[in-house]
Each structure stands twice: as C-alpha cells, then as structure tokens.
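**Student:** no sequence for this one, just the structure:
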C-alpha cells in the first residue's frame, strides 16, 4: 500500500520524501520513475533517533505539509503462546512510541512556521475487531495479538492528535483498511485466503490502488475536514464495515 500511495502522491505533483528501511525506498523511486520523490533510509524502531531525524529532514527538505504514516511489520508474527514481553515492546515501539515521537516532532515543526498540515495514520481492521482463529489454516497463525493491540492504540492516538492540535489547524486522521494481503501471501496460503475472503461481504480482498484515494483526500492542507472526524474504515471488513470518511516504519512520506 505504501508504494501505491507514494506513487500516487508523486504523480499528483507532491514533493515526497519516502522513508523506509535501507535498500527499499531508493529502488522504488528508480523503478517507478518518481521524479518528485526523494528516498531516505531510516529505522524508526530506534526511537531515540526520531527527533533528530525529523529535524534533519526539515533542514534538508523544509517543513512538511503532510505526513502519511504506515506500518506493516511491527509484529514478529508469532503464535499467541510464543509471544514474549520483548515482542510486545517491539510492536509498541514500532507503532505507538515511534508514531507519537514522529507526529509530535513534525507537528511542532509545522507550528513553528504556521503550517496547517495533515497527518494520515494507518490502523487495521484488527485494531477494531478480533481475528477469527478458524480462518487461519496451518502453518499460518491468526493475526497476532500484539499487532491488533498497537493498531487499536494508534486509532486512539490519532484521535488525541486531532483534538490536541485542532486549534493550530493541524489535522490527524486514521484510515482503517480491511484485508489487503500481499499477493505472495495469497498464493502461498490458498485455504487461509479463501476463508478470509469469505469474511468480507464483497468476497474479495482490497487492492493497493484502492487505498490511495483516502490518503490523497486527507493530505491537502486546504481540506476543511473537522478534526473530530478522526477515523475512516475503508473497504468492507469482517463486520461489513464500509464507512464514508470521517510519517513510521514503512513507506512514510513527507509532503
């Protein structure tokens, strides 16, 4: 999803800084000929470096008008019985601690220049509902509890940001997608994929290009979105949700 969003923003004329793990962002920029995008390596699990990272990026490229924040690998993907305290700390740092520090630093930079910017965070359907263990065929384990817990926390943190920065004109919204599994996962786990698709009223998975619209919708600084409308569930998920709408470790973008 991050690649699709970065590409769409680039094509729309935004000046984009794509942050990702070493060796990921640069190939994307070259492969898709993203002429308005600059690649930067980072590791936001190293949370103590985040304030300096934001300061360095602002000094190099200017203060951002928007931040799109996605995380896809915060969980170690272990079974319920095997998750350790260290695993939970990694998930928490990967989503909540890094997300908090990143948003606070970027928002403070926006305020210093009177920029009424926008943050778009990405949660998950499993931040709203629990996975059904019966949908996951061995050797795959149900979506891990640490993943869902921190994604639920991100929803609340986005609401807090929306209210806290409201009087500064800085918006925070959170997109909560339904199932968007990687094509490799779908082909390697046909039984699990079939079961998950059957949980969706539309009987299909979301596709990466379909997540682009809400990101672009929330990004423009001229958009008059009320800060109280801090959550959007996109693509019908296990409960049949499809609600009209109300930077982190993978493919974060400075605009």
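**Tutor:** Now that the structure is in, tell me what you want to look at. In this text, all values refer to a predicted model and were calculated from it rather than measured experimentally. Numbering: from 1, shown residues only.
**Student:** Most distant residue from the centre of the protein?
**Tutor:** In the chain, counting by C-alpha atoms, centre = their mean, residue 138 sits farthest out from the average C-alpha position, at 27.8 Å.
**Student:** Which secondary structure state does that one sit in?
**Tutor:** Classification of residue 138 using DSSP: H, G, I helix; E, B strand; the rest coil returns coil.
**Student:** What does the pLDDT read for it?
**Tutor:** If you check residue 138, the pLDDT there is 77.
**Student:** list the contacts for it?
**Tutor:** Shown in contact with residue 138 (C-beta atoms under 8 Å, 6 or more residues apart in numbering): no residues. No exception for glycine: its C-beta is placed from N, CA and C like everyone else's.
**Student:** Could you do the one 4 residues further on as well?
**Tutor:** Shown here is residue 142, whose contacts under the criterion C-beta under 8 Å, 6+ apart are 80, 131, 132, 133, 135, 136.
**Student:** The same query, at a cut-off of 10 Å, please.
**Tutor:** 79, 80, 126, 130, 131, 132, 133, 134, 135, 136, 148, 192 (C-beta atoms under 10 Å, 6 or more residues apart in numbering).
**Student:** and those residues, which are buried?
**Tutor:** By neighbour count, with 16 or more other C-beta atoms under 10 Å, those hold 126, 131, 135, 136, 148, 192 as buried.
**Student:** Okay, buried residues for the strand or helix carrying the last one please.
**Tutor:** Taking DSSP states H and E as the criterion, residue 192 maps to helix 190-199. By neighbour count, with 16+ other C-beta under 10 Å as the criterion, the buried positions of helix 190-199 are 192, 193, 196, 197, 199.
**Student:** before we move on, what about stretch 94-112?
**Tutor:** Buried-residue list, stretch 94-112, by 16+ other C-beta under 10 Å: 94-111.
**Student:** Same check on stretch 162-173?
**Tutor:** 162, 165, 168, 170, 171, 172, 173.
**Student:** Which of those fall in helices?
**Tutor:** residue 162 (DSSP state H).
**Student:** Which one of the buried residues of stretch 162-173 is nearest to residue 29?
**Tutor:** Checking those against residue 29 by C-beta to C-beta gives residue 173 as the nearest, at 25.9 Å.
**Student:** Check the closest one and give its pLDDT.
**Tutor:** With respect to pLDDT, residue 173 has a value of 94.
**Student:** And the one 10 residues further on, by the same measure?
**Tutor:** Model confidence at residue 183, expressed as pLDDT, equals 73.
**Student:** Check residue 7 too.
**Tutor:** In this model, residue 7 carries a pLDDT of 91.
**Student:** That one contacts residue 216, doesn't it?
**Tutor:** No. Taking C-beta atoms under 10 Å as the definition, residue 7 is not a contact partner of residue 216, at 11.3 Å.
**Student:** Show me which of those two is the more surrounded one.
**Tutor:** Comparing residue 7 with residue 216 by neighbour count (other C-beta atoms under 10 Å), the higher total belongs to residue 7, at 22 against 16.
**Student:** Assign that one to helix, strand or coil.
**Tutor:** Counting by three-state DSSP, the backbone at residue 7 sits in helix.
**Student:** Against residue 3, how distant is the residue nearest to it when sequence neighbours are not counted?
**Tutor:** Counting by C-beta to C-beta, 6 or more residues apart in numbering, residue 32 is the residue found nearest to residue 7 once chain neighbours are left out, at 5.4 Å. Separation of residue 32 from residue 3 (C-beta to C-beta, to the nearest Å) stands at 8 Å.
**Student:** Looking only at neighbour counts, state which of the two leads.
**Tutor:** Neighbour totals were compared for residue 32 and residue 3, and residue 3 leads with 18 against 15 (other C-beta under 10 Å).
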